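Novice: quick one, structure for this:
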Amino acid sequence: MSARVAVQRYALVGAWIAVIVLFCVLRPDTFETTSNVQNILGSQAVLLVLTLGLLLPLTTGDFDLSIASVLSLSSMVLALLNGEQGWALLPAMGVALAAGLAVGVFNGACVVLLGLDSFIVTLGSGTFVAGVVTWISDSRTVTGLSPQLSEWVINNRILGVSLIFYYGLALVIALWYVLTYTAVGRRLLFVGRGRSVARLSGLRVGPLRWSALAGSAFIAALAGILYAGTTGGADPSSGQSFLLPAFAAAFLGATAVTPGRFNAWGAFIAVYFLVTGITGLQLLGVDNFVQQLFYGGALVLAVALSQIVRRRAAGREAVAA
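Specialist: Numbering: from 1, shown residues only. This is a model prediction of the structure:
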């Protein structure tokens, strides 16, 4: 690996380390503590899982703007069934996952069968699902979830870090393996690079795009279950706050580890780079609006950087050909 390639792959890691060192120097009494590290790792696992789901359609060149609404739907269905209707936890979780998957299947059907743009379809379905969540919850926060869920999400810990972080890490490893070493992952990437070429090569482009959107919604529903476990209930609107950070992390992650490609380890690094910066600034006394500034600015910068990296990679491939 040349020095230039190494810099491209691990520049974000270096920036993350630099941010950590900076805030350790500026706030050693609050930032450089075990409890702060444990809080940072555990608090962002829901965002990490949601971002990982987003990688699937992005890899095929599609967008999924419904993921935050699916997260809210899943957590609300779980809270209503388990907390209010008295369902056992596992059947309620199954229905919550099925509800999320149904949204993904619908998105895929509209995109593949009707030829609609994924951006428009998922924007519309996400808005519709958000309305459904408000309707079934009667615009109220639903509590009363089984404490067993919270036990296996945040209360039980390994090395002081909540189990939810390790669930996210396990999904990172699984998705990294699928996208890097399996035929399905390579086909998804091939579709994203050029649908016409992929179709001429014999790939079933439609079903691959459909499965990516369905997989995205399923993982978003899983994130909703984890989110319900962290809060002990469900709120009809709080899930929408995850949409911008998920896109920011996905695009920023595409500039790291495997530049020019949406990848799981890059997303992992991006999620924790962003939250480290936000946490450090908040400990310095900066107002809470810095989170919106940070994520919004990061998204614009990440999209610009990822486009530059992709163009350079395409240029190198053209020269090699």
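Novice: all helices for this protein, in order.
Specialist: Remark: helices assigned in the chain by DSSP state H are 3-26, 34-43, 45-59, 67-78, 89-112, 118-137, 147-150, 163-181, 183-193, 195-200, 205-231, 243-253, 264-283, 290-320.
Novice: got those helices as TSV, with distance to Asn156 and mean neighbour count columns?
Specialist: For every residue, glycine as well, the C-beta is placed using N, CA and C. Compiled in TSV, the helices of the chain are given as follows (distance: least, CB to CB, whole Å; neighbours: other CB atoms under 10 Å):
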stretch	distance to Asn156	mean neighbour count
helix 3-26	27	14
helix 34-43	11	16
helix 45-59	13	27
helix 67-78	19	30
helix 89-112	15	20
helix 118-137	28	18
helix 147-150	9	16
helix 163-181	5	18
helix 183-193	32	18
helix 195-200	44	13
helix 205-231	11	25
helix 243-253	26	25
helix 264-283	21	22
helix 290-320	28	14
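Novice: for these, which has the smallest mean pLDDT value?
Specialist: For the helices of the chain, the stretch scoring lowest in mean pLDDT is helix 290-320; its value is a mean of 64.
Novice: from Gly42, how far out is Ile158?
Specialist: 11 Å (CB to CB, to the nearest Å).
Novice: so what's the residue count around Leu113?
Specialist: Other residues near Leu113 number 10, with proximity taken as other CB atoms under 10 Å.
Novice: does Ser146 touch Leu90 like I think?
Specialist: No - Ser146 is beyond contact range of Leu90, at 10.1 Å (criterion: CB atoms under 8 Å).
Novice: name the residue closest to the centre of the chain, please.
Specialist: With distances taken as CA atoms, centre = their mean, Thr51 lies nearest the centre of the chain, 1.0 Å away.
Novice: contacts only, for that residue.
Specialist: Thr51 is in contact with Pro245, Ala246, Ala249, Ala250, Gly253, Ala267, Ala270, Val271, counting by CB atoms under 8 Å, 6 or more residues apart in numbering.
Novice: columns distance to Ala79 on top of these, output as a markdown table?
Specialist: Below are the contacts of Thr51 laid out as a markdown table (distance: CB to CB, whole Å):
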| residue | distance to Ala79 |
| --- | --- |
| Pro245 | 23 |
| Ala246 | 22 |
| Ala249 | 26 |
| Ala250 | 27 |
| Gly253 | 31 |
| Ala267 | 27 |
| Ala270 | 30 |
| Val271 | 25 |
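Novice: no further questions, thank you.
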